[in-house]
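Undergrad: Everything below, folded, please.
(one chain, ligands or ions: 1)
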Amino acid sequence: MIDIFHDFYRGKRVLVTGHTGFKGSWLSIWLHELGAEVIGVAQDPFTERDNFVLSGIGQRIKADIRADIRDGERIKEIFRQYQRDCVPSGSPAFGTSEL
Ligand SMILES: NC(=O)c1ccc[n+]([C@@H]2O[C@H](COP(=O)([O-])OP(=O)(O)OC[C@H]3O[C@@H](n4cnc5c(N)ncnc54)[C@H](O)[C@@H]3O)[C@@H](O)[C@H]2O)c1
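TA: As a prediction, this is how the structure comes out:
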């Protein structure tokens with residue numbers, strides 16, 4: 001793989017919201033390939049044919065967490081438990097200004 005990121009993500013802990021969805025699952029796959037520790041936070045995948053399920057990425061990432069991002073206390077608890085370096089989002093209604 002051509003390393004256009006110059007190992008920026010290697011060893012970084014990245015919390016991805018919506019990692020069971022389409023964009024989030026691909027983002028998780030790429031971040032994992034780039035050497036990041038991915039912490040995924042989302043609801044269950046919709047179907048057994050979703051990219052998240054078929055790719056098996058849930059078994060390769062550091063943590064595969066089910067939570068509702070509207071539940072502020074739960075999200076704060078996850079952020080406390082998993083100190084992260086950055087937080088890209090694949091889930092709707094979750095701006096980085098709220099982090
Ligand atoms: N998932 C797939 O593999 C797949 C495959 C082909 C097409 N698509 C389509 O692609 C389109 C765009 O994909 P997308 O990635 O923008 O959306 P998506 O619906 O695939 O993913 C949204 C993500 O946000 C999460 N999410 C939503 N509300 C949440 C909440 N309150 N708390 C926590 N997590 C929450 C979901 O659990 C999911 O992980 C969708 O319309 C979908 O139907 C998906």
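
Undergrad: Gly40 touches Ile65, doesn't it?
TA: Yes: contact status for Gly40 versus Ile65: in contact at 6.3 Å, counting by C-beta atoms under 8 Å. (Glycine included, C-beta is placed from N, CA and C.)

Undergrad: Neighbour count: the two, which is higher?
TA: Gly40 (26 against 16; other C-beta atoms under 10 Å).

Undergrad: if I pick that one, what's in contact with it?
TA: Leu15, Val16, Thr17, His19, Thr20, Gly24, Ser28, Gly58, Ile61, Ala63, Asp64, Ile65 (C-beta atoms under 8 Å, 6 or more residues apart in numbering).

Undergrad: and the ligand, which of these contact it?
TA: Thr20, Gly24 (C-beta under 6 Å from any ligand atom).

Undergrad: Quick one: the contacts of Gly40 as CSV, columns for distance to Asp50 too.
TA: Below are those laid out as CSV (distance: C-beta to C-beta, whole Å):
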residue, distance to Asp50
Leu15, 20
Val16, 15
Thr17, 16
His19, 11
Thr20, 7
Gly24, 11
Ser28, 12
Gly58, 10
Ile61, 15
Ala63, 19
Asp64, 13
Ile65, 17
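
Undergrad: Can you list which of the contacts of Gly40 are found in helices?
TA: Gly24, Ser28, Gly58 (DSSP state H).
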